[in-house]
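Asks: With the sequence up front, the predicted model follows.
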Amino acid sequence: MKAHAPSRRDFLCSTSFVAVGLATGGYMILAPDYAWALSTTALDAHTAQTLLVMARQLFPHDRLGDQYYATVVEAVDKQAASDAALRKLLTDGVARLDGARGIAWVQLSNGARNAVLKTEEAGEFFSTMRTATINNLYTNPLVYRFFGFEGSSVEHGGYIDRGFDDIGWLPNA
Amino acid sequence: MAKTFDLKDDSVVVVVGSGAGGGTLSNELVQRGINVVCLEAGPRLGLTDIINDNGAMFNRLSWLDKRVGTGDLNATLPLWVCKTVGGTTVHWAGASLRFQEHEFRVRTVYGNMPGANLLDWPTTLQELEPFYARAEDKLGVTGTSEIPRLPGNNNFKVMAAGAKRLGYTQVHTGNMAINSQPRDGRPACHQIGFCMSGCAIGAKWSTLYTEIPKAESTGRFEIRPDSMVVKINHDTSGKVTGVVYADKTGTLQEQKARVVCVAGNSVETPRLLLNSQSSKFPNGLANSSGQVGRNYMRHMTGTVYAIMPGRVNFDRGTQMAGIIKDESRYDPSRGFAGGYEMETLPGFGLAGVASNTVAGAWGLDYAKVIEMYDHFAGMWLVGEDLPQAGNGVALHPTEKDKHGMPVPVVHFKDHANDVAMRNHAYKAGTAVYQSLGATQVFELPPFPSTHNMGTCRQSEKAQDGVCNKYGLTHDVANLFISDGSQFTTGGAENPTLTIVALAIRQADYLADQLSKNQM
């Protein structure tokens, strides 16, 4: 009955993050259920929220909570703090996403969001976010273990006694 | 114990680079009583610096100084080689294969191939066999002498099962320079994975913890890390007299030398010769043939990944201990000259698979592919590519690095024969996995080049190449090429064992010449 359960993507669209301006000039972005928070210094709250949704849209895994995608935003925000060109690239990119259909990109349907992203595919904004998502989402041990990459093994003595040759499904001939 | 030599000491042999060529040559020379200074551009790491983290080790080991790639190459990272003591032997996978007899005389066997700059080697397999045997003993290559092969991991078992279904017969865990049992003071492989991030226990041969410390223990050897050689000096007679290098602080120093041996890998070696131009050598050192920097080869490569019906965990265990050799034969009826090997290759972590499986891909379908990570199997395809005069290394006309040395521009375009071979190899690799019910198969284009060859090639005649069969340059009586740059052609086999065999032979030759006062 999986088809009837709301996916995280749908959930995301029907719920909004809570953004709080900080005295330091950045923003604190709280998850809808207040389970976690993301803080930014270079990016405004709307840009940060949009990039979070974009990271999920690029590599959507229903099993992963938004806090893992938030690490992507934290990483690009940190870089943008000392890289004005990157900050502009991200801010302008989000503005283009929003401008494409006349309403905020995050408010679009899943299909419409994809269609708008498709028009950005060849550009630097898109490739920057795609690379940032791969490099921050999939290098997180809490994420990669989930998908079967087991990470560092030397401290466990490698796999010599832990299943390097444990495959069980191959045919005999 | 480790020694230091004076910059003005002109009795030393200077070796540029400390990898498979330079590191081996250095140790072989000092074992014969010759004093050697080895200049290495990168820093010196220890085993404790090697961790199981693909991204961190890539950044720690790789040569990331600016290079411009053109043609079919990655524009910003045309090569995946190392800048560290031990060179690319820290990163290499350990596959140690001898060339086949015909691969030393491809101009004769393949005939005239339009667009290719084919040439027979000035050496034969028969001549190299004793040196191959010494190289295999040095590296402890599995499947040679009495050394048992490594056990097969899951990724190998998948490949072997598919190979069997297709009727391939030459299938095993390879000839690997990775200990299958303790040897030479180093432990047996623990099936850690991460071979190409550096072997954290030293089971894989690397000059970093074999040749270099052995050389130091003679008291005749100095390795100088963080020393980037920018120019080779010569006297009015045309003999080289020393090298100019930027030390750790960026200060230029000159180390005098009796003989200079260059082993900087196939981009830096010709770059150094070209940058050493003078009024006497206006086209660069040892370049009367015009062949310095030409005929760059990187092997025909490609990767096949497949999503299998069951779990594989292809990152577990020795990364490249698995080979199908049947397609490495010479058989032009397949529509191309030369042959290729099929070797196991894992995924370099979840980020690696996400980056590489389908370039630029994103969205729900691709996310579902990534979620099948533990069902992935993978193999690397590696075969002979043809030398072409237009593929090579040149100095950037305007752009310079921090030492004032022109940035190298590396150009490579596939020959039609390379393309035909790759297409054949993709089909063969795909068939291996489909025979076992793979649900999806992916054909990946070449990664940044790890096998780099041919830019200062050996030739019988001075007009056809840069050096002779000992690596001695045709033009300069005391200048040697000591790395894969000297390959006349590339063969189907991973190049390291041949680089080591040539380095041992060069050491024999050079020691003999020095003992006769010929240099």
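Replies: Perfect, thanks for sending it.
Asks: Can you name the residues that contact the residue of chain A found nearest chain B?
Replies: Residue nearest to chain B within chain A: A:Gly148 (2.8 Å; Cβ to the nearest Cβ). Glycine gets a C-beta too; all of them are placed from N, C-alpha and C. Applying Cβ atoms under 8 Å, 6 or more residues apart in numbering or on different chains to A:Gly148 gives the contacts B:Arg311, B:Asn313, B:Tyr373, B:Asp374, B:His375.
Asks: now, the most widely separated pair of the residues you listed?
Replies: B:Arg311 and B:Tyr373 (9.9 Å; Cβ to Cβ).
Asks: Pick out whichever of those two has more residues nearby.
Replies: A direct count of neighbours by other Cβ atoms under 10 Å in any protein chain shown for B:Arg311 and B:Tyr373 places B:Tyr373 higher, at 25 against 18.
Asks: And the more buried one, how close does it get to A:Ser153?
Replies: Per Cβ to Cβ, to the nearest Å, B:Tyr373 is found 16 Å from A:Ser153.
Asks: Same check on B:Thr84?
Replies: Taking Cβ to Cβ, one finds B:Thr84 at 22 Å from A:Ser153.
Asks: likewise A:Asp44?
Replies: For A:Asp44, the distance to A:Ser153 - Cβ to Cβ - is 42 Å.
Asks: do the same with B:Cys199
Replies: Between B:Cys199 and A:Ser153 the computed distance is 12 Å (Cβ to Cβ).
Asks: what residues are shared contacts of these two?
Replies: B:Ile192.
Asks: And the pLDDT for whichever residue of the stretch 151-300 of chain B sits closest to chain A?
Replies: In the stretch 151-300 of chain B, the residue that lies nearest chain A is B:His190 (3.2 Å; Cβ to the nearest Cβ). On pLDDT, B:His190 comes in at 98.
Asks: Who are the contact partners of it?
Replies: B:His190 makes contact with A:Val154, A:Gly157, A:Gly158, A:Tyr159, A:Ile160, B:Ile201, B:Ala203, according to Cβ under 8 Å, 6+ apart.
Asks: Output the below-cut-off pLDDT ranges for the chain.
Replies: The chain I'm using is chain A. Residues of chain A meeting the criterion pLDDT under 70: A:1-15, A:173.
Asks: hmm, I had chain B in mind actually
Replies: Short version for chain B, where the test is pLDDT under 70: B:1.
Asks: Can you pull the residues of the stretch 151-300 of chain B lying near chain A?
Replies: B:151-154, B:157-158, B:161, B:164, B:189-194, B:200-201 (Cβ under 8 Å from any Cβ of the partner chain).
Asks: Quick check on those residues: which are buried?
Replies: The neighbour count (16 or more other Cβ atoms under 10 Å in any protein chain shown) marks B:151-154, B:157-158, B:161, B:189-194, B:200-201 as buried among these.
Asks: Of these, which belong to helices?
Replies: B:Asn154, B:Lys157, B:Val158, B:Ala161 (DSSP state H).
Asks: Not counting residues beside it along the chain, what's closest to B:Asp226?
Replies: Residue nearest to B:Asp226 in three dimensions, not counting chain neighbours: B:Lys248, with 4.0 Å by Cβ to Cβ, 6 or more residues apart in numbering or on different chains.
Asks: How about the contacts made by the one you found?
Replies: With Cβ under 8 Å, 6+ apart, B:Lys248 has these contacts: B:Pro225, B:Asp226, B:Ser227.
Asks: with these in mind, which one is nearest to B:Gln388?
Replies: When the contacts of B:Lys248 are compared for distance to B:Gln388 (Cβ to Cβ), B:Ser227 wins out at 33.3 Å.
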